[in-house]
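Undergrad: fold the following.
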Amino acid sequence: MNVASSPREVERMPRAVAIGTFDGVHRGHRSVIETAASTGLVTTVVTFDPHPRIALGNRVDLLTTLERRIELLHEAGVAMAIVAAFTSELQQLSPEQFAEDYLRRIGAEVVIAGEDFRFGNRRAGDLALLERLGFEVRVAPEVEGVSSTAIRAALAEGDVVAAAAMLGRPFELDGTVVRGDQRGGTLGYPTANLAVDPLLAVPRFGIYAGGALGHRAAVSIGTNPHYGGTERRIEPYLLDFEGDLYGKRLLLELWARLRDEAVFGSEEELVEQIARDVEATREASRPV
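TA: Sure thing, here's the model as predicted:
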């Protein structure tokens, strides 16, 4: 997949274009991409960074980093992605000017969107306007109940199984392994300490089963209350893994929520519970 930051960098040719943030690249987004691919034209996406709502000063817990969004768009079959900087200048473009600059300039013949699609300054543009401007419009089949907002709500409850059903794949935590307290090694379960972008969604605190790098992972998300911690930590223990992960990117899938965080009467009780968590992780099923 080719990636550009401006339509000026993109060769003009017959294209089917989908426009949106595509946060999570969930099943609804893939319905849009599949509709674009069905035209036989070059499947092209116009997406934005930062997220428009964040640019407007709102809090949004993102489901994917930009890097992961691009990877997932590529896996979904997108041939060309324009990652437009969501600046004040872009916000102020009229729908007609946006269509000229970001659609006609690159050769868009078909535009694919949902029925409630809006674009341009004050969201004044709609599908009817695109048709009046000479573009063919196709409405992608709706995937009922699937949205980035609904996925965030499921994650807030720790329901990673429901999130996976909407995403079409397990929810992932995407970050870099950094040095932590290294306490897990002394307990016999050496964990990685995963640092993620503060804008990314993180599920409700608790213990999860998941996977990374082809290994199952028992994952603690929370503050380590047994040790009086106050800072959020994401600490996966990769079963049967040997190697150095420090400084490396790690995509960590979450498959099931096992339990809440807890304070134990002794370190021995904690170790016994971790052993049960590891066994539950060995038995967990990957959703989707």
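Undergrad: which residues of the stretch 101-250 of the chain fall in helices?
TA: Assigned by DSSP state H, counting those that start in this stretch, the helices in the stretch 101-250 of the chain fall at 127-132, 148-156, 160-167, 183-186.
Undergrad: turn the ones you listed into CSV, columns for distance to Thr35 and mean neighbour count.
TA: For the C-beta atoms, the positions are set from N, CA and C on the backbone; glycine is no exception. Supplementary listing: these in CSV, determined by distance: least, C-beta to C-beta, whole Å; neighbours: other C-beta atoms under 10 Å:
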stretch, distance to Thr35, mean neighbour count
helix 127-132, 13, 15
helix 148-156, 18, 18
helix 160-167, 18, 22
helix 183-186, 46, 14
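Undergrad: look through this structure and tell me its longest strand.
TA: The longest strand of the chain (DSSP state E) is strand 249-259.
Undergrad: thinking again about what came up before, how about the helices of the stretch 101-250 of the chain in TSV, adding mean pLDDT?
TA: Shown next, in TSV, are these (pLDDT from 0 to 100):
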stretch	mean pLDDT
helix 127-132	95
helix 148-156	98
helix 160-167	98
helix 183-186	59
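Undergrad: gap between Ala4 and Gln91?
TA: In this view, Ala4 and Gln91 are 20 Å apart by C-beta to C-beta, to the nearest Å.
Undergrad: over to Met80?
TA: For Met80, the distance to Gln91 - C-beta to C-beta - is 23 Å.
Undergrad: next one: Glu268
TA: Relative to Gln91, and taking C-beta to C-beta, Glu268 is found at 58 Å.
Undergrad: what about this protein, any weak spots by pLDDT?
TA: In the predicted model, the chain carries pLDDT under 70 at residues 181-186.
Undergrad: what residues sit buried inside the longest strand of the chain?
TA: By neighbour count with 16 or more other C-beta atoms under 10 Å, strand 249-259 contains the buried residues 250-258.
Undergrad: go through the residues you listed and name the one nearest Arg105.
TA: Leu251 (34.8 Å; C-beta to C-beta).
Undergrad: coming back round to it: between Met80 and Gln91, which has more neighbouring residues?
TA: Shown here are Met80 and Gln91; by other C-beta atoms under 10 Å, Met80 has more neighbours (20 against 13).
Undergrad: number of nearby residues for the closest residue to the more buried one other than its chain neighbours?
TA: Take Met80 and drop its neighbours on the chain: the residue closest to it by C-beta to C-beta, 6 or more residues apart in numbering is Thr44, 4.4 Å away. Neighbourhood size, Thr44 [other C-beta under 10 Å]: 28.
Undergrad: adjacent strands (with direction) for the helix or strand containing Thr44?
TA: If you go by DSSP states H and E, Thr44 is part of strand 42-49. Strand 42-49 pairs in its sheet with strand 15-19 (parallel), strand 80-85 (parallel), by DSSP bridges.
Undergrad: out of those strands, the one nearest Ile70 is which?
TA: Per C-beta to C-beta, nearest to Ile70 of the strands paired with strand 42-49: strand 80-85, 6.3 Å.
Undergrad: what residues sit buried inside the closest one?
TA: Applying 16+ other C-beta under 10 Å to strand 80-85 flags 80-84 as buried.
Undergrad: correct me if wrong: Arg12 contacts Leu103.
TA: No. Assessed by C-beta atoms under 8 Å, Arg12 is found out of contact with Leu103, at 10.9 Å.
Undergrad: those two: which is more packed in?
TA: Leu103 (24 against 11).
Undergrad: who is the nearest residue to the more buried one once chain neighbours are set aside paired with across the strands?
TA: Distances taken as C-beta to C-beta, 6+ apart place Val17 nearest to Leu103, at 5.9 Å, with adjacent residues excluded. For Val17, the beta-bridge partners are Thr44, Val111 (DSSP bridges).
Undergrad: quick one: residues contacting Val17.
TA: 36, 44-46, 103, 106, 108, 110-112 (C-beta atoms under 8 Å, 6 or more residues apart in numbering).
Undergrad: can you rerun that using 10 Å?
TA: Listed by C-beta atoms under 10 Å, 6 or more residues apart in numbering, the contact set of Val17 reads 36, 39, 41-46, 80, 82, 102-103, 106-113, 135.
Undergrad: centre-most residue in this protein?
TA: Thr64 (2.5 Å; C-alpha atoms, centre = their mean).
Undergrad: now the helix ranked longest in the chain, how far from the centre of its chain.
TA: Under DSSP state H, the helix in the chain containing the largest number of residues is helix 267-283. Taking C-alpha atoms, centre = their mean, to the nearest Å, one finds helix 267-283 lying 29 Å from the centre of the chain it belongs to.
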